[in-house]
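>>> Following is a predicted model, sequence given first.
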Amino acid sequence: MGPSRQLGTLPTEQPVRFYKFIALTFLLITVVLLGIIIFMSSKRAVVTIFTKKTPVDLRTDFTLVLDEEELHGVGYMVTSTEIVLNDVFFPTGTKEEPGQATGYVTLHNTSAAAQPLVATTRLLSGDNVLFRLKSGVTVPANGTVDNVEVYSDTEGAANDIGPSTFVIPGLNPTRQKDVYATSDSSMKGGVRTLGVLSQKDIDAATETMKNTFRVKSEEQFSQSVGRGMAGIYDVGDITIEADTEPGKEVSEFHVKGTALVMGIFYNEEQMGEWSKDQLMKRAIDGGEMVHPADTTPTVTFDSYNELTKEVVLHVFYDGTVSLNPESDQIEKAMFFGKTKDEVRRYLLSLDHVHKVEVEFHPAWMRSVPHINEHLTVFVQEVE
């Protein structure tokens, strides 16, 4: 009988435990990494910036040279003319005295025969107020004569009557039905107001004439100005002459005035574009946006230098300025790693920022994540 062999088990238990440890460690690391990834990917921050527009304006001079036709791309024209005016003014007195009322009537003739009427022909109103024709006139058959001047037969306030119908007492009763007069406006002058002419009255007349000069200049220049041109007028070298000296008692006084009126005309659209460009330059670097007003700039006359032949205009144009949403100051990288308070302090230090809201998700986060996709920045404008 040969020798017998003894069978035994292999030492496999130790390697199995080792592999289990490796597998569990790898699984744990995987879970931890997955948790970190989930945690990192769940971190979100939302920054809302509330901005408010602030006013901005352009105030600048625009100097024109008479011999030229363009400045800064703005076409212009300067012209001048002398205007002479004559007008009647009244002193600011309080003394009243009777006067003769005057006015105008329309003469009617409904018959087939013309009717001649001599000067001083009587016209009697329905209230028995008597007027007379100032000049002779012939009223055609089946026709009328307008704007016939009449005056009251007597003086006094009773002659200041309203629109009326008049009969002609000098005609026979049958003819009076065919030939008569009517007035569409009141008769005035039955009472005259007298006053002592003062320098104040003359000064007031001068101011009124200045405005009249400006109106007349606009009427004269409007024919020679092209379309799209805006005009400014300056009234200079004014000479006023009154026919009565201050201190005299008069019911009216006559004034003659002469003035050299200058008209400055500029292309309104081009002036608007230039003003807009100048206003846009008021923005501070790229952090601001300027919003020009929808209106056209206000242009006023400032001065004229006769020696240099230069006209100075003053240009005013306004708008608003706000934070530029594309500004480098609010790029996402500016907020990475900052706490809520740090974000607020930084943003509120910028111009035009009115309020700031910062939200973290999850809420227990301490700082803004360093990933662009995990940060959202809103810019919202408030009134």
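Thanks, I have it. Numbers count the residues shown, from 1 in each chain.

>>> From now on I want contacts and neighbour counts done on CA atoms only, so please keep to that.
Noted.

>>> now the helices for the protein?
For the chain, the helices defined by DSSP state H cover 13-42, 173-178, 199-221, 268-280, 340-348.

>>> Give me whichever of the ones you listed is most buried.
Most buried of the helices of the chain by mean neighbour count (mean count of other Cα atoms under 10 Å) is helix 268-280; its value is a mean of 19.

>>> what bridges to residue 355?
Under the criterion DSSP bridges, residue 355 forms beta bridges with residue 50.

>>> Which segments of the chain make up each domain?
78-92+195-266, 95-193 (automatic domain parsing).

>>> starting at the chain centroid, how far to the shortest one?
Relative to its chain's centre, domain 78-92+195-266 lies at 26 Å (Cα atoms, centre = their mean, to the nearest Å).

>>> again with the longest one
Relative to its parent chain, domain 95-193 has a centroid offset of 50 Å by Cα atoms, centre = their mean.

>>> State the distance from the closest residue to residue 168 other than its chain neighbours to residue 116.
Excluding its sequence neighbours, the residue lying closest to residue 168 (Cα to Cα, 6 or more residues apart in numbering) is residue 123, at 4.9 Å. Separation of residue 123 from residue 116 (Cα to Cα, to the nearest Å) stands at 14 Å.

>>> repeat for residue 265
56 Å.

>>> Settle it for me: which of the two has more neighbours?
Applying other Cα atoms under 10 Å to residue 265 and residue 116 shows that residue 265 carries more neighbours, namely 20 against 10.

>>> shaky segments in the stretch 201-350 of the chain?
For the stretch 201-350 of the chain, the stretches with pLDDT under 70 are 223-224, 226.

>>> what about the strands in it?
Under the criterion DSSP state E, counting those that start in this stretch, the stretch 201-350 of the chain contains strands at 229-242, 249-250, 253-267, 288-292, 298-305, 310-323.

>>> for those strands, which one sits closest to residue 29?
Closest of these to residue 29 is strand 310-323, at 47.4 Å (criterion: Cα to Cα).

>>> Mind giving me the packing neighbours of the closest one?
Strand 310-323 sits against strand 44-52, strand 54-65, helix 268-280, strand 288-292, strand 298-305, with contacts defined as 3 or more Cα pairs under 8 Å, 6 or more residues apart in numbering; DSSP states H and E.

>>> Not counting the longest one itself, show me its contacts.
This points to helix 268-280. 57-58, 72-75, 228-230, 290-292, 296-297, 315, 317-319 (Cα atoms under 8 Å, 6 or more residues apart in numbering).

>>> one step back: can I get the domains of the chain in CSV with distance to residue 358?
What follows is the domains of the chain, written out as CSV (distance: least, Cα to Cα, whole Å):
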stretch, distance to residue 358
domain 78-92+195-266, 51
domain 95-193, 76
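
>>> okay, which residue is most central for the protein?
The residue lying closest to the centre of the chain (Cα atoms, centre = their mean) is residue 295, at 6.6 Å.

>>> Restrict stretch 298-305 to CA atoms and write it as CSV.
C-alpha atoms of stretch 298-305 as CSV (Å, rounded to 0.1, in the frame of the first residue of the first chain):
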residue,chain,number,x,y,z
THR,A,298,-33.3,124.4,-27.9
VAL,A,299,-31.3,127.0,-29.7
THR,A,300,-31.3,130.7,-28.7
PHE,A,301,-29.5,133.8,-29.9
ASP,A,302,-26.6,134.8,-27.6
SER,A,303,-24.6,137.6,-29.2
TYR,A,304,-23.3,139.2,-32.4
ASN,A,305,-19.8,140.5,-32.8
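
>>> Contact partners for residue 184?
Contacts of residue 184 by Cα under 8 Å, 6+ apart are 105, 163, 164.

>>> how far away is it from residue 151?
Taking Cα to Cα as the criterion, residue 184 is separated from residue 151 by 15 Å.

>>> Make a PyMOL selection of whichever of the contacts of residue 184 turn out to be buried.
Only the buried entries of the contacts of residue 184 go into this PyMOL selection, using 16 or more other Cα atoms under 10 Å:
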select buried, resi 105+164
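
>>> just the contacts of residue 184 now: which is nearest residue 337?
residue 163 (89.7 Å).

>>> Please state the backbone phi and psi of that closest one?
phi -50, psi 130 (degrees, to the nearest 10).

>>> quick one: contacts for it?
By Cα under 8 Å, 6+ apart, residue 163 lies in contact with 182, 183, 184, 185, 186, 187.

>>> Pretty sure the first one sits against residue 168.
Okay, so that is residue 182. No. The pair residue 182 and residue 168 fails to qualify as a contact (Cα atoms under 8 Å) at a distance of 11.1 Å.
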